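> based on what follows, work out the 3D shape:
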Amino acid sequence: MELRLPGCRSLKEKRSILRRYLENMRRTYGVAVAEVDAHDSLQHAVIEAAAVSNARAQLHRVLTKLMHDADRPGEMTLTDCEMSI
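Take a look at the predicted model:
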């Protein structure tokens with residue numbers, strides 16, 4: 001997922017927002033997730049998530065929810081997403 005964080009004025013602020021979001025994704029959905037690119041960009045982040053299940057439909061539901069949760073008005077916006085199952 002590519003995210004835009006329009007209000008960030010420092011890397012510390014960006015990391016704080018991402019940390020809360022990533023922890024929430026781990027806790028709520030039980031997925032592995034990390035920022036994988038654009039580490040030094042103030043208003044851009046690239047996140048990858050991975051999940052394991054024996055049911056394709058369950059994986060699709062979880063990954064779709066992750067995408068929807070990434071769109072947080074005023075904080076961050078999902079600009080691009082790619083899903084592979």
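
> please enumerate the strands of this structure.
Taking DSSP state E, the strands of the chain run over residues 2-4, 32-37, 44-50, 77-80.

> okay if I get those as TSV plus mean pLDDT, mean neighbour count and distance to Glu23?
Every C-beta, even on glycine, is put in place using the N, C-alpha and C of the backbone. Formatted as TSV, the strands of the chain follow (pLDDT from 0 to 100; neighbours: other CB atoms under 10 Å; distance: least, CB to CB, whole Å):
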stretch	mean pLDDT	mean neighbour count	distance to Glu23
strand 2-4	91	18	15
strand 32-37	90	14	9
strand 44-50	90	17	13
strand 77-80	88	13	18
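
> using TSV, lay out the ones you listed together with distance to Ala57.
TSV is the format used below for the strands of the chain (distance: least, CB to CB, whole Å):
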stretch	distance to Ala57
strand 2-4	25
strand 32-37	20
strand 44-50	17
strand 77-80	22
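
> quick one: which of the ones you listed is nearest Lys14?
Evaluated over the strands of the chain, closeness to Lys14 peaks at strand 44-50, with 6.9 Å, by CB to CB.

> name the strands paired with that closest one and say parallel or antiparallel.
Sheet pairing of strand 44-50 (DSSP bridges) gives strand 2-4 (antiparallel), strand 32-37 (antiparallel).

> reformat the ones you listed as CSV; add distance to Met83.
Formatted as CSV, the strands paired with strand 44-50 follow (distance: least, CB to CB, whole Å):
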stretch, distance to Met83
strand 2-4, 13
strand 32-37, 14
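
> quick one: which of those strands is nearest Glu48?
Per CB to CB, nearest to Glu48 of the strands paired with strand 44-50: strand 32-37, 4.8 Å.

> run the chain-centre distance for that closest one.
On the basis of CA atoms, centre = their mean, to the nearest Å, strand 32-37 sits 8 Å off its chain's mean C-alpha point.
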